[in-house]
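Student: 3D, please:
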Amino acid sequence: MYVASETRMTAAQEPDVAQPPAWNPNQQRAKHGGVVVLPVQGNVYVLAADGANITVQVGRDGILLVDASTGQMNDDILAAIRGLSNQPIRWVINTHVHGDHTGGNEAIFRAGSAMPQNRIGSGLNFPGSLPSGAVIVSNETVLLRMSGVTGGQPLAPQAAWPTLTYIGQGRELYVNGEPIQVLHQPNAHTDGDSLVVFRHSDVVSTGDVFSTISYPVIDLETGGSINGMIDALNGVLGVTFPAEKQEGGTYVIPGHGRIADEADVVAYRNMVTVIRDRIQDLKDKGMTLEQVKAVKPTLDYDRRWATASWTGDMFVEAVYRTLPPSLATAQR
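Tutor: Next up is the predicted model:
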């Protein structure tokens, strides 16, 4: 639910802003064609649509989204958003370049409208003039890949490209009375990953640097790496806090899967680190990729984390290829 932030305006001076409706668990499904809407905490909700999660923050400034799903359920997604608030869609933050998180950019851009320029904030770079639709925010590498500057061919129509980019470690926004940090995680799932931290709501949206349904996917073609992935998971842990007995506290919204908390991320980080260390040890002994696969360094985790589309062997290969060469190999 929207919680009014501290303000100097009196109640009589405050603008007439429609508030999100009271939560009705019976409206989770079906009302929006299968899009599942769940409250997280504070001003933040999650929409589960077409296998990917969209984070939604609502309030007096409008609506901010993290990611835009695949683009296959745009009408249902927009209907679900309207079930939370009738305010304009102002912002979309893309956590990375992949189409299951940017496919809905164009539809949401056209359905939204930008905030006044004097309220955009500093430290962000517009590739052109201020857009008329929702502002799409990302690390600069996402724009370079989507536009074809990196890679040769545009991955999406121009209306789907980020319109506001950042370089460096990250940038800050202040939306709906809440500080929001957009933090770059270099060479993790890709080379353009961002974490999005909602500081008042105490929610972190991770994109695909964290999952509750599979091993971490390391996209070698877009600059992903195992050590960057572990650094990113440690980055998530650096902005999360547990409640009593490690349950609750900061909630973590993965790119795919259920809402989690810090303990879930700790267990996932530990699993990934153990497998990385096993493969590094085998590689240091001079073993080839096929020899490492034959050892099955993920065997005790495969039942929980391997999937048909991202198997233990596929994960091992991605890890192996992004680890530094063994000392023996480097000396040849």
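
Student: Quick one: the helices in the stretch 201-332 of the chain, in order.
Tutor: 226-238, 262-284, 289-295, 299-305, 312-322, 327-330 (DSSP state H, counting those that start in this stretch).

Student: okay, the closest residue to residue 306 other than its chain neighbours: pLDDT?
Tutor: Setting aside the residues directly before and after it, residue 306 is nearest to residue 312 in space (CB to CB, 6 or more residues apart in numbering), at 4.5 Å. For the C-beta atoms, the positions are set from N, CA and C on the backbone; glycine is no exception. Predicted confidence (pLDDT) at residue 312: the value is 98.

Student: now swap in residue 39 and tell me
Tutor: On the pLDDT scale, residue 39 is placed at 95.

Student: now swap in residue 245 and tell me
Tutor: For residue 245, the model assigns a pLDDT of 77.

Student: Adding mean neighbour count and distance to residue 107, write the helices of the stretch 201-332 of the chain out as a markdown table.
Tutor: What follows is the helices of the stretch 201-332 of the chain, written out as a markdown table (neighbours: other CB atoms under 10 Å; distance: least, CB to CB, whole Å):
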| stretch | mean neighbour count | distance to residue 107 |
| --- | --- | --- |
| helix 226-238 | 20 | 28 |
| helix 262-284 | 18 | 31 |
| helix 289-295 | 14 | 41 |
| helix 299-305 | 13 | 33 |
| helix 312-322 | 20 | 32 |
| helix 327-330 | 10 | 49 |
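
Student: Go through these and find the least confident stretch.
Tutor: It's helix 327-330: among the helices of the stretch 201-332 of the chain, that one has the lowest mean pLDDT, namely a mean of 52.

Student: rewinding a little: tell me the contacts of the residue nearest to residue 306?
Tutor: For residue 312, the contacting residues are 215, 296, 298, 299, 301, 302, 305, 306, taking CB atoms under 8 Å, 6 or more residues apart in numbering as the criterion.

Student: returning to that earlier point: turn the helices of the stretch 201-332 of the chain into a markdown table, including distance to residue 250.
Tutor: Supplementary listing: these in a markdown table, determined by distance: least, CB to CB, whole Å:
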| stretch | distance to residue 250 |
| --- | --- |
| helix 226-238 | 9 |
| helix 262-284 | 6 |
| helix 289-295 | 36 |
| helix 299-305 | 23 |
| helix 312-322 | 27 |
| helix 327-330 | 40 |
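
Student: I appreciate the help and will end here.
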